[in-house]
Structures are given as C-alpha cells and as structure tokens.
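Q: need a structure here:
(chains A, B, C and D)
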2 protein chains.
Amino acid sequence: MPRSKGPAQPPAETGPAAARHLPEATLVRLTQYLRALTELRDAGRSRASSEVLAEAAGVNSAILRKDLSLLGSYGTRGVGYETEVLAQRITECLGLTHEWRVSIIGAGNLGRALSGYGGFRNRGFSVVALFDASPDLIGRDVNGLRVANVAFMEDVLTFTRTNMAVLAVPGPVAQELADRVVRIGVRSILSFAPVVLQVPEGVTLRKVDLATELQILAYHAQQAGQTGPPERS
Amino acid sequence: MPRSKGPAQPPAETGPAAARHLPEATLVRLTQYLRALTELRDAGRSRASSEVLAEAAGVNSAILRKDLSLLGSYGTRGVGYETEVLAQRITECLGLTHEWRVSIIGAGNLGRALSGYGGFRNRGFSVVALFDASPDLIGRDVNGLRVANVAFMEDVLTFTRTNMAVLAVPGPVAQELADRVVRIGVRSILSFAPVVLQVPEGVTLRKVDLATELQILAYHAQQAGQTGPPERS
DNA sequence: TGGTGTGAACGGATTCACAGCC
DNA sequence: GGCTGTGAATCCGTTCACACCA
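A: Just a heads-up that it's a prediction; the model follows:
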C-alpha cells in the first residue's frame, strides 16, 4: 500500500463533509461532546464556549478545541460554538444520521438488559432482533421483541437487514457465533464475551469486559493501599 | 504537591513485589495475559513463549515482553515463561490476591445481569449487596441476593464491608448515589450511567458506556462505506 | 540455537502558548 | 477583550532490533 508520508494529501475534497480519519481517542470524546451538547441545548443554551463545553463533557478545553478543529471550523472566535450546529456536525461525522439495525445475540441476563437499554433508540440505533439457543427463552417476549431461535439466525439477520451485532453469549460459543454473523455480511460487532475473538480484515470488533474493568479498579485500590474495607462509619 | 521530574526515584525497595506504577494500557493487557495464562495452564501447558502467549492474548509479542519486563524478570531466555508462576505474579500485581467486596447499585436489567455474571466470582470478586429504590424490587431474591433498599445503603455498605461499587442506575440519580458511596468511604467505582460523574481525588472511577461503543462502531462502518445493510444473502 | 529483556527509534496523542479573528 | 484554531513542544506508548543468556 503506497501510503506516502508527504504532508500534502491530494486536495481531493475539502467540502464540509471532510474529516477523513479521526483518531480513536478523539472518537470516544466526540461521543461525550455530543451528549454534552444535547444536554446544553435541552437546557436552552444555544451557544457554549470550549470551556463550558469541556466542563460538561468532563475533559479539558485544549483537547476539545483540538478535536473539534479536526471536523473543520465550526466555532466563532470570541463567541463559542452553536450547540445545535455542532451537535449536527458531530452526528454526521459519527455516521449517526441514519438508523443502524442492531441484533443482540444471547438473551440471558445481559442480552435482556441490553435490549431494554433506552440509550440505544435515542441515538440512532434500533434493536431489531434478539436471539438465544435455550428453548426456555425462544418465543418469549422481551422488551417488545420475540426471542428468536439462534438456529435460524442467518435468515433473521438478513430479513431484519441487521448491520450491527452485539454478542452477549458465553465465551465458549462466542467465536462460532461471530463467524456466522460475519459470514452473513455483518461488519460491526460489539462483544461482551470474555475471550479473544478473531475476525477477518474489514470487520470492526469492539470488546467490553466487565471482569477487566473490576481488575483495573482493584489495581488502583491496591496501589492506594486500600486493601481492606473503608475505615469510616 | 512537589512532584519533581527528576528521573532518579529514591531506591526505596527493589524486592520482588516492585512495579510501582504501571501504565493504564499495560494494565488492560495484563488482565488479558492473566486470562490467557489460566487457559494455557488449564490446557496442561506449564510453559509458553512470548509468541504463544501473545497469540493467546491477542496482542503482539514485543509489547507482551515489554509489559512483562515491567513486573521483573519472570521468563527464562531460550525457554519462555512458566504459566503458573507468571499467572501468580500478575495476580499479585493487580491486587487480586484477596477478595474484593462489590456492591451493585441498581437492580434493573443491567444490575441483575451484573449480579449474575460468573466472571466476577472466579476472579476474586464477591458481590455482597444489590440495591434498588423500587418497592417492586426491594426484598426480592436475585441470584441468591436479597435486593436491599437504597435508602439504607450506607448501613449495608458498612455492614458488608463493601470496597467497590458498581453503578447501574439511570443517569439523573448517578451523581447523587456516587456521592453517597464516596462519603461512606468506598474509593473504587465502576459506572454504567451515561453521564459525567465528579468524584474527589483519591477515588478511582471507571466508566462503561454502551451507547459510546455503538457510536464508535457506527463511525467505522460508515468509514468503510457500509451505510446500508449487508449485501449478501 | 532460541527466546527474553531492553535501549533506541518511532509515532500518536496531549498540552502549551499564542496568532488571528470576531 | 475574548475565544477559536493551530503550530510547537512534550509526553506516553508501541515497535524495532539486538545484546545477552539458558
């Protein structure tokens, strides 16, 4: 791949829909800015400075300005940012302008919790299917969705035009299900299974691991000498 | 706080329990190595090279060796690492040698899912209490735990000697509950609430945000031009 | 010979500081 | 005067390459 390191990218297109490749760390923060902007707007503020916005998003203002500058110039010097305009711009950049159809694989405790999570529908995501292998669950109604038999997953994924899959299944079956989901053409997967998953190039996989989170907390607590219970009553 | 930038830390202690401050990125990987080591050991392998171990953990071997070198010299040149010894060493570094007592605040879908998650108990974490504010849930049995009234949270946190709290509550009440948990002396919090939380210095807060994860997937999918449903049948 | 441990090079992300614009 | 947008400096983490050792 001839990726020259010359600073002069071919001009290509400098239109308002630019912002080719955003760093991962910036992406995470953009979602936080988006939430903060929505809150500010709902609170009636049509403008906000980088300082105010950064405070609401829980970051410092320098990195916020740096991040936003990657999307183009959407602020006004001496004034600040228009919450509505900026929120729209970020929404566009993140690819949230149309609905994403999410299927959740696994209707155990976690899968059911996810299917009922309100934060999805508010932000451009529709949960369109929920699968399980257990006869006790198949056919049951969960948050307005009928649990489908994972044996027929391919058909349902196709029928519902699923383009994102969430794996909420036990570790031992996660790889097999990931393979099936990928084979049918889904290229975005969020996995809660505590195992290493292999996916082919072109498929985006993100992982959330609850045990990892607690282990990291344990490390910091131990570092701070908090090996025992809190000593205050 | 006079944090000098001089490179020469006072020698202090160079014993086997060293490893003062590990970078955050390394911590995340250490938990993955630990899982991989446990799997390898359970599969009967008492030794593994950095190459094998890295493969099992889903990282490259250079960074693995770099990470492990921060814990001291626990490998043998020309041979590899003893899975048992190394697992023990990592466990020790992460502060997992004694049990951590976790309380889950919020017994909605997510809270119930977390309370039943087997990955905790296996790794040195005990779920000791589960709270909610809803009369419909208080007193009910969930995964062997009786849902406690959040109004009496302070008493129960003290009684159970809770030293880690998991917030699985709606955004609007998360800050208030975080404040109460901190006030009683808990210094490690894992939050699933989609809001920015303020905690005082000395308290470690980690956040998991499901909507953020999906939004980042959406960005990558859009980048790859997958705006529509998969086109394969 | 094979594989660890590590200095050095590299690259990416954050912070600083200020020029430029409203 | 105030605030954005951004080069420059800095910090941190990853990759490379190889000295060193069982």
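Q: low-confidence ranges in chain A?
A: Chain A contains residues with pLDDT under 70 at A:1-19, A:228-233.
Q: could you confirm whether the longest strand anywhere in it reaches chain B?
A: Identified as the longest strand of chain A according to DSSP state E is strand A:125-132. Yes. Remark: strand A:125-132 sits within contact range of chain B at A:Phe125, by C-beta under 8 Å from any C-beta of the partner chain. For the C-beta atoms, the positions are set from N, CA and C on the backbone; glycine is no exception.
Q: can you tell me which helices and strands whatever helix or strand comes next after that strand packs against?
A: The C-terminal neighbour of strand A:125-132 among helices and strands, as given by DSSP states H and E, is strand A:141-142. If you count contacts as 3 or more C-beta pairs under 8 Å, 6 or more residues apart in numbering or on different chains; DSSP states H and E, strand A:141-142 packs onto no helix or strand.
Q: C-terminal to strand A:141-142, what's the next element?
A: Heading C-terminal from strand A:141-142, the first helix or strand you meet, by DSSP H and E, is strand A:145-146.
Q: give the pairing partners of that next one; include direction for each.
A: Strand A:145-146 sits in its sheet next to strand A:141-142 (antiparallel), going by DSSP bridges.
Q: show me the contact partners of the strand it pairs with.
A: Strand A:141-142 is contacted from outside by A:Ala107, A:Arg112, A:Ser115, A:Gly116, A:Leu130, A:Val147, using C-beta atoms under 8 Å, 6 or more residues apart in numbering or on different chains.
Q: chain A: helices as residue ranges?
A: Along chain A, the stretches classed as helices by DSSP state H are A:24-42, A:50-57, A:61-69, A:83-94, A:109-115, A:118-121, A:153-159, A:171-183, A:210-223.
Q: rebuild the ones you listed as CSV, extending it with mean neighbour count.
A: Listed next are the helices of chain A as CSV, based on neighbours: other C-beta atoms under 10 Å in any protein chain shown:
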stretch, mean neighbour count
helix A:24-42, 19
helix A:50-57, 20
helix A:61-69, 16
helix A:83-94, 19
helix A:109-115, 24
helix A:118-121, 15
helix A:153-159, 17
helix A:171-183, 17
helix A:210-223, 21
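Q: send me the longest strand of chain A as CSV with only the CA atoms.
A: Output of strand A:125-132 as CSV, limited to C-alpha atoms (Å, rounded to 0.1, in the frame of the first residue of the first chain):
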residue,chain,number,x,y,z
PHE,A,125,-29.9,2.6,16.9
SER,A,126,-32.8,0.2,16.6
VAL,A,127,-32.7,-3.2,18.2
VAL,A,128,-34.3,-5.4,15.6
ALA,A,129,-33.7,-8.9,16.9
LEU,A,130,-32.8,-10.9,19.9
PHE,A,131,-31.5,-14.5,19.7
ASP,A,132,-31.0,-17.4,22.1
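Q: what is it packed up against?
A: Helices and strands touching strand A:125-132, by 3+ C-beta pairs under 8 Å, 6+ apart, are strand A:100-105, helix A:109-115, helix A:118-121, strand A:145-146, strand A:148-149, helix A:153-159, helix B:210-223.
Q: export the third one as CSV, just CAs?
A: Included here for helix A:118-121 are C-alpha records, laid out as CSV according to Å, rounded to 0.1, in the frame of the first residue of the first chain:
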residue,chain,number,x,y,z
GLY,A,118,-33.0,3.2,26.3
GLY,A,119,-29.8,4.9,25.3
PHE,A,120,-29.8,3.0,22.0
ARG,A,121,-33.0,4.1,20.5
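Q: right, is that helix up against chain B?
A: Yes. Applying C-beta under 8 Å from any C-beta, one finds helix A:118-121 in contact with chain B at A:Gly119, A:Phe120.
Q: which strands or helices does that helix pack on?
A: Applying 3+ C-beta pairs under 8 Å, 6+ apart, one finds that helix A:118-121 contacts strand A:125-132, helix B:210-223.
Q: before we move on, back to that, and the contacts of strand A:141-142, which two are furthest apart?
A: Greatest spatial distance in the contacts of strand A:141-142: A:Gly116 and A:Val147, 12.9 Å, computed using C-beta to C-beta.
Q: more crowded one of those two?
A: Taking neighbours as other C-beta atoms under 10 Å in any protein chain shown, A:Gly116 and A:Val147 compare with A:Val147 leading, 22 against 16.
Q: just checking, the more buried one touches A:Gly139?
A: Yes. Applying C-beta atoms under 8 Å, one finds A:Val147 in contact with A:Gly139, separated by 6.3 Å.
Q: any residues of chain A in contact with DNA strand D? List them.
A: Taking C-beta under 7 Å from any atom of the strand as the contact definition, chain A meets DNA strand D at A:49-51, A:61-62, A:65-66, A:68-69, A:73-81.
Q: make it 10 Å
A: Chain A comes close to DNA strand D at residues A:7, A:47-54, A:61-81, A:86, as judged by C-beta under 10 Å from any atom of the strand.
Q: ok, which of those residues also contact DNA strand C?
A: Checked against DNA strand C using C-beta under 10 Å from any atom of the strand, the residues of chain A next to DNA strand D yield the following neighbours: A:50, A:54, A:61-67, A:69-70, A:73, A:75-79.
Q: for A:Gln215, what are its contacts?
A: B:Leu27, B:Thr31, B:Leu34, B:Leu94, B:Leu96, B:Arg123.
Q: which member of those residues is positioned nearest DNA strand D?
A: Among the contacts of A:Gln215, B:Leu27 lies closest to DNA strand D (C-beta to the nearest atom of the strand), at 9.0 Å.
Q: isn't that closest one up against A:Leu217?
A: No. Counting by C-beta under 8 Å, B:Leu27 sits too far from A:Leu217 to count as a contact (10.2 Å).
Q: for the closest residue to A:Glu39 other than its chain neighbours, what are its contacts?
A: Among residues not flanking A:Glu39 along the chain, A:Ala56 sits closest, at 6.5 Å (C-beta to C-beta, 6 or more residues apart in numbering or on different chains). Contacts of A:Ala56 were listed using C-beta under 8 Å, 6+ apart, and they are A:Ala36, A:Glu39, A:Leu40, A:Ala48, B:Val196.
Q: where's the third one relative to DNA strand D, distance?
A: Which is A:Leu40. Distance check for A:Leu40 against DNA strand D: by C-beta to the nearest atom of the strand, to the nearest Å, it reads 12 Å.
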